[in-house]
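**Q** got a predicted structure plus its sequence, pasted below:
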Amino acid sequence: MNLATIPFKNMRRKPAKTVLLLSVFSLGVISIVALYQVSLVVGHNLEKKLTAFGANIVVKPSTETLSVSYGGFNMGDMLLDIEDLREVETTAAIRSISLNDRISVVAPKLVSMYKMNETAVAVVGVRWEEELGIKSYWATDGAMPRNPDEVLLGSQAARKLGLSAGDRLTLYGRDFTVSGVLYDTGSDDDSVVLMELGRLQAMLNQPDRVSFVEVAALCSGCPIEDIVSQIQTSLPRTSVIALQNVVNQRMSSVRFVQKLALSISLVILVTASAMVGLSMLSAVNERRKDIGILRSLGYGKSRVFLIFCLEAGLIGILAGTIGYLAGFGASLKALDFLSLSEGARPIFSVTQLAFCALVFPLITIGSSLYPAWKGASIEPSRALVSL
Amino acid sequence: MLEAIDIKKSFSSDGKVVPVLEGISLKLDAGDYVSIVGRSGSGKTTLLNVISTLVRPDSGEITYEGVDLASVPESHLNGLRKSDFSVIFQFHHLLPYLTVLENTLLPFMNSLKPVSRQIEARALECLVRVGLADKARRLPGSLSGGEQQRVAIARALVKSSKILFADEPTGSLDQQTGDTIMELLAELHRDGMTIVMVTHEMEYARLADRIVEIEDGRIVH
């Protein structure tokens, strides 16, 4: 028996009222937890889908440029010590960083120049599976290459070469079929010939060589700089660059979802807190007699204040615990209902449960401060008027 | 022990100031048994509330064991109400959601430190004394009016209060139960407790050593 016995037993005296108040605040916590979990999953899925719209990190050989001019004649910048990357070593190094769960796609490329009928074109070797992972927006007149003997032409390259889907062309002495022509993308892809990387490496007699590697990383869990730094450490003789505009664009979409969930959560939290505050205010008015008795027994204002705060805190602890457990369950159901359960799933966290059981009591206590202060401020004489 | 000098107290009602106590002086010595009588609205309950520190007077002086209670902080008055003074009311003197034992121990439950076993044992002894040992775990709602009043008296006993202020302690009870309560008060007085009782029943008032009669906020007898 101690001071906590008073609020605890008072809550038991009116189970319906206690359950109602607990339900209201628990519903608030459930909504917040479910929204938070769903927004995390939706954000993750959204980001993963956005990786299909291009890479956000480029790994290329480190080079040194030299500006050459002589006798007033400028020869421009010359690249020194260009050394292509080794495909297996580079992709393995990227996949092995400690943040490897944030790496979505690794797309190596080999670029070469070829002159066909006096027309120069860039031929780019790609791994189709990886490439299509970051270029899902590609649309073609024709089809994507299904075997190494097929190539895909950018729209400008097709016009320049006078070729269309189904035509044949010769590259490095070997015949290929044009499986399709890309519709205009507005990117460098429009002016190149795309083919299977292995075949190009073999034809150029450069096995395992790539010019650069594009990486699509998921940035919602950590800053892109951390991923770049780890790749750089793993591949010290390369140049690793984050495409910040792509990263920022992508993260702004993810953050929008999370900010929306946060805003709704705040509205729910304020509403639930107001309900707790109002309920405590009415409890203070109902319990003037109790306050009078306690004050007549020597309970100071601080003790009466503490009794109401303890009551609010008990509601908060229960609502925080029940709310997290039920909210977690609700998020699983909501993701199933929204057909978003494939891919990432919410992860049950004891830390989050403890956080809820600790923070929500603080919120209920915070919303009960005014009623508790009001109750504590009632003079014994005024409280005793009702006796 | 306790002295009230020239106490004045008024209340506001509908914007008008209504004087309730108009210069009352009263002296209590240790072991006194005083009855305060008077017609309804004469100011006897207000006087009890003022001298028991539940209501601050507008003017006048109240000294307890040499200390001027008008100049002490609220915490000092809380201390007095916790230990030296006990008040029992006509109605609603128990918290309905606490057991009889918990209500008896209420003065000692004002911190997060659990009530000691010794105090709990003393509370049970006090309940034995008022004849409620078998109802220690019951809620007040299941007790009769007289039993509830006895719980309030047991609470005063467990505190070892020096002064018991009783406001119409038999007002809501039948004759027989009222007699039992008065016997209990007489017993406490014999044990040395100072008692100040407000009553409108002269039969009970005469049991006290001294009767103070109030009329229109003034002592008339």
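**A** Happy to help now that I have it. Numbers count the residues shown, from 1 in each chain, chains lettered A, B, ... in the order given.
**Q** just to be sure, A:Ile365 is in a helix?
**A** Yes: under DSSP: H, G, I helix; E, B strand; the rest coil, A:Ile365 sits within a helix.
**Q** model confidence at it, what's the number?
**A** Listed pLDDT for A:Ile365 reads 93.
**Q** what is the neighbour count of it?
**A** 21 (other Cβ atoms under 10 Å in any protein chain shown). C-beta here means a position set from N, CA and C on the backbone, and glycine is covered the same way.
**Q** does it touch A:Ile315 like I think?
**A** No: the pair A:Ile365 and A:Ile315 does not pass the contact test of Cβ atoms under 8 Å, sitting 9.3 Å apart.
**Q** show me what contacts the residue of chain B found nearest chain A?
**A** Here chain B gets closest to chain A at one residue, B:Lys82, 2.6 Å apart by Cβ to the nearest Cβ. Neighbour list for B:Lys82: A:297-299, B:107, B:110, B:159 [criterion: Cβ atoms under 8 Å, 6 or more residues apart in numbering or on different chains].
**Q** can you pick out the most distant pair from those residues?
**A** A:Tyr299 and B:Lys159 (13.1 Å; Cβ to Cβ).
**Q** OK, contacts around the closest residue to A:Ala139 other than its chain neighbours?
**A** Leaving aside its chain neighbours, A:Ala139 sits nearest to A:Tyr183 (4.8 Å; criterion: Cβ to Cβ, 6 or more residues apart in numbering or on different chains). Neighbouring residues of A:Tyr183 by Cβ under 8 Å, 6+ apart: A:139-141, A:155.
**Q** neighbour-wise, which of those leads?
**A** The contacts of A:Tyr183, ranked by neighbours (other Cβ under 10 Å): first place A:Ser155, 18 neighbours.
**Q** what distance do you get for that residue to A:Val181?
**A** 6 Å (Cβ to Cβ, to the nearest Å).
**Q** just B:Gly38 next, same as before
**A** From B:Gly38 to A:Val181 the distance is 110 Å (Cβ to Cβ).
**Q** between the two, who's got more neighbours?
**A** B:Gly38 (23 against 20).
**Q** what is the more buried one paired to in the beta sheet?
**A** B:Ile214 (DSSP bridges).
**Q** so who does it touch?
**A** Contacts of B:Gly38 by Cβ under 8 Å, 6+ apart are B:44, B:200, B:213-215.
**Q** who in chain B is up against chain A?
**A** Residues of chain B found near chain A, taking Cβ under 8 Å from any Cβ of the partner chain as the criterion, are B:49, B:52, B:54-56, B:74-75, B:78-83, B:87, B:89-98, B:102, B:105-107, B:109-115, B:120, B:155.
**Q** which of the residues you listed are buried?
**A** If you count burial by 16 or more other Cβ atoms under 10 Å in any protein chain shown, the buried members of the residues of chain B next to chain A come out as B:49, B:52, B:54-56, B:78, B:80-82, B:87, B:89-90, B:92-95, B:97-98, B:102, B:105-107, B:109-110, B:115, B:120, B:155.
**Q** show me those that map onto strands.
**A** B:Val87 (DSSP state E).
**Q** please flag which of the buried ones among the residues of chain B next to chain A sit within helices.
**A** B:49, B:78, B:80-82, B:102, B:105, B:120, B:155 (DSSP state H).
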